[in-house]
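J.: here is my input, please return the structure:
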Amino acid sequence: MYIRRNVFILFFVTLMTVLLGCSNHSTPSNSTEPPVLTTEIRKITLSQLKQITKDMSYKELIHKLGNTKDIGSGISIFRYKFANGKFLDINMFEHDLDAMINEDVYQHIQNVLKIK
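T.: Next comes the predicted model:
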């Protein structure tokens, strides 16, 4: 009887640890942490890209283009894909979604628009 109870307690504690470890720990929208985006690379169009302005925050940029996969390690790199199969990578050095998009990021988007 004593062994069964200990096995049950051990099983219950292990199960609760696994369940709590797998629960969704979403961050609040005002967090400075980059969002855990998706595992899928989002397809975008040039018309979406043309909506990006110099005075947007990263949060607004992601809202316009949609959630996508973060392929970065140490810095956030949001990867988007065009219909022709080419990729657009947007680097976020600031680690603050409310920060304005970097001038280099904006110029990179403008250069992509010129090429297309």
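J.: shaky segments in this structure?
T.: Applying pLDDT under 70 to the chain flags the ranges 1, 7-8, 10-13, 15-37, 116.
J.: redo that, cut-off 90
T.: 1-39, 72-76, 83, 91-99, 102, 112-116 (pLDDT under 90).
J.: all strands of it, in order?
T.: Assigned strands in the chain, in chain order: 42-43, 69-70, 76-81, 87-92 (criterion: DSSP state E).
J.: reformat these as JSON lines; add distance to I9 and mean neighbour count.
T.: Using the backbone N, CA and C atoms, a C-beta is placed for each residue, glycine as well. Below are these laid out as JSON lines (distance: least, CB to CB, whole Å; neighbours: other CB atoms under 10 Å):
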{"stretch": "strand 42-43", "distance to I9": "46", "mean neighbour count": "15"}
{"stretch": "strand 69-70", "distance to I9": "40", "mean neighbour count": "18"}
{"stretch": "strand 76-81", "distance to I9": "42", "mean neighbour count": "19"}
{"stretch": "strand 87-92", "distance to I9": "46", "mean neighbour count": "16"}
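J.: export those as JSON lines, with columns for distance to I62.
T.: Listed next are the strands of the chain as JSON lines, based on distance: least, CB to CB, whole Å:
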{"stretch": "strand 42-43", "distance to I62": "10"}
{"stretch": "strand 69-70", "distance to I62": "10"}
{"stretch": "strand 76-81", "distance to I62": "7"}
{"stretch": "strand 87-92", "distance to I62": "9"}
